[in-house]
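1. Return a 3D structure for these sequence lines:
(chains A and B)
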Amino acid sequence: MDYRVSKSGDYTIVELAGDVDLSCSPDARKAILRCLERSEHTLVDMSGVTYIDSSGVASLVEGYQTAKKKSLRFGLLGVSEAAMSVLQLARLDKVFPIHATLQQRLDADV
Amino acid sequence: MSDANVKPAIEVADLVTHYGTRKILDGINLEVRNGEIMIIMGGSGSGKSTLLRHLLGLHRPTSGSIKLLSTDITTATSAQMHELRKSMGVAFQGGALLSSMTVGENVQLPLREHTKLDEELMTIMARLKLEVVNLGGFEHLRPAQLSGGMIKRAALARAIIMEPKLLFFDEPSAGLDPVAAAELDELILRLRASLKMTIVVVTHELDSAFKIADRITVLDHGRILITGTVDEVRSSPIERVQNLLNRRPRDETIDADEYLSRLTEGVVD
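-> This next block holds a predicted model:
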């Protein structure tokens, strides 16, 4: 897995790519939590994610909960079909704010 | 299945095994494809549970080979087995939950055994899996406080916590009411769809087998009678298969000499 952190307007974007599994989700988790610790509104761009397991999903859950506690905005972008079916298994597709693109998220924020 | 050129998830070749002098499995050949739900069916004493125990690496066979994800577990070292077990999940018939631990702690066990994940992450992962099996909020209960169906679902949550490539499920519907059994079948189908697991289910419940199977293998007296799709098994001309499907009592042929010696001399170990 690779990840890249960038800024776009109000948001910090954590871009994950490749397989997010037990071996690397701790890194993804740290990257997400670090943004939130700095009180940045955070979006996780998952368009490059080929596979995500429950350790990755748990990291997203923890991120979202942390964001809520700090009244920060949080969400997922570009969730692939495969990742979506993993989220759906635990009904998390109804929990996370999910948008196809950053632009759609920004439109929804207005 | 589309991945015909991918290696099978499980390959059993010429498997023979004995308990004492009694031959339990007699030349089993079986392939389970990647992403397939394979049902192992058969009456009591057919050898299906013994086959499962061999697939899990709990017994060494007399002869033959068992390859899981291309590793032959009959010759694998304990280090190889330990590695392979990360890719295997098992839900035992009775649940096999540890009674001194809470449901949540039971579900987390494989993570503690195989990973060094953060405590918070493991807790959330266990809760996620309990949500998947509809046991959300039950993590603090002990196994003794659960119903039979809940124990099976908790055992399933533990079996899938590592998101194994291979999931083995022993008698998922045994002892459950019809609604709980049907729910568990649905859950098995959803798991395969989302997590792309290869699933082996041992059962003698016909309704459940027909509902979830891609293919069924029917065991009888330690041999495979047929391996095929639901339709192929249903329309099989083999009498013993039809007996099983139609719940007809079997018409035993008795070997008089063997029977007499068993009565007078017992079974020689």
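2. Residue in the stretch 1-150 of chain B with the shortest distance to chain A?
-> When you check the stretch 1-150 of chain B against chain A by C-beta to the nearest C-beta, the closest residue turns out to be B:Ile124, at 4.0 Å. (Each C-beta comes from the backbone N, C-alpha and C, glycine too.)
3. May I ask which helix or strand encompasses the residue lying closest to that residue once chain neighbours are set aside?
-> The shortest distance from B:Ile124 to any residue that is not its chain neighbour, by C-beta to C-beta, 6 or more residues apart in numbering or on different chains, is 4.0 Å, and that residue is A:Ala58. Assignment of secondary structure by DSSP states H and E places A:Ala58 within helix A:54-69.
4. Summarise which helices and strands the next helix-or-strand element following that helix is packed against.
-> Sequence-wise, the next helix or strand downstream of helix A:54-69 (DSSP H and E) is strand A:74-77. Under the contact definition 3 or more C-beta pairs under 8 Å, 6 or more residues apart in numbering or on different chains; DSSP states H and E, strand A:74-77 sits against strand A:41-52, helix A:54-69, strand A:98-99, helix A:102-109.
5. Quick one, which of these gets closest to B:Ile161.
-> Comparison of those against B:Ile161 by C-beta to C-beta identifies helix A:54-69 as nearest, at 7.4 Å.
6. Averaged pLDDT, the closest one. What do you get?
-> Helix A:54-69 carries an average pLDDT of 93.
7. Next, the angle strand A:41-52 makes with that helix.
-> For helix A:54-69 and strand A:41-52, the angle between their directions (axes from the mean of the first three to the mean of the last three C-alpha atoms, to 10 degrees) works out to 170 degrees.
8. got the contact list for helix A:54-69?
-> A:16, A:20-22, A:25-26, A:28-29, A:32-33, A:36, A:41-42, A:44, A:49, A:72-74, A:76, A:86-87, A:90, A:92, A:95-96, B:115, B:117, B:120-121, B:124-125, B:128-129, B:161, B:163 (C-beta atoms under 8 Å, 6 or more residues apart in numbering or on different chains).
9. again with stretch B:216-232
-> Under the contact criterion C-beta under 8 Å, 6+ apart, stretch B:216-232 has outside partners B:23-30, B:38-43, B:45-48, B:50-51, B:209-210, B:213-215, B:233, B:236, B:238, B:240-241, B:244.
10. Could you pull out the buried residues of that stretch?
-> If you call a residue buried by 16 or more other C-beta atoms under 10 Å in any protein chain shown, then stretch B:216-232 has these buried ones: B:216-228, B:230.
11. then it to CSV, C-alphas only?
-> The C-alpha trace of stretch B:216-232 is given here as CSV (Å, rounded to 0.1, in the frame of the first residue of the first chain):
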residue,chain,number,x,y,z
ILE,B,216,-21.6,-30.7,-3.5
THR,B,217,-19.5,-33.8,-2.8
VAL,B,218,-21.3,-36.8,-1.3
LEU,B,219,-19.4,-39.1,1.0
ASP,B,220,-20.4,-42.6,1.9
HIS,B,221,-18.4,-45.2,3.8
GLY,B,222,-15.3,-43.1,3.3
ARG,B,223,-15.6,-42.8,-0.4
ILE,B,224,-16.8,-40.0,-2.7
LEU,B,225,-20.0,-41.1,-4.4
ILE,B,226,-20.3,-38.0,-6.5
THR,B,227,-19.0,-34.4,-6.8
GLY,B,228,-21.1,-32.1,-8.8
THR,B,229,-23.4,-29.1,-9.0
VAL,B,230,-26.6,-29.1,-7.1
ASP,B,231,-28.5,-30.2,-10.3
GLU,B,232,-26.0,-33.0,-11.0
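12. For the stretch 151-269 of chain B, what lies in contact range of chain A?
-> Applying C-beta under 8 Å from any C-beta of the partner chain, we find that the stretch 151-269 of chain B lies next to chain A at B:161-163, B:190-191, B:193-195.
13. In helices, which of those appear?
-> Using DSSP state H, the subset of those located in helices is B:190-191, B:193-195.
14. what would the residues you listed look like in a markdown table with pLDDT?
-> Below are these laid out as a markdown table (pLDDT from 0 to 100):
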| residue | pLDDT |
| --- | --- |
| B:Arg190 | 88 |
| B:Leu191 | 88 |
| B:Ala193 | 87 |
| B:Ser194 | 85 |
| B:Leu195 | 84 |
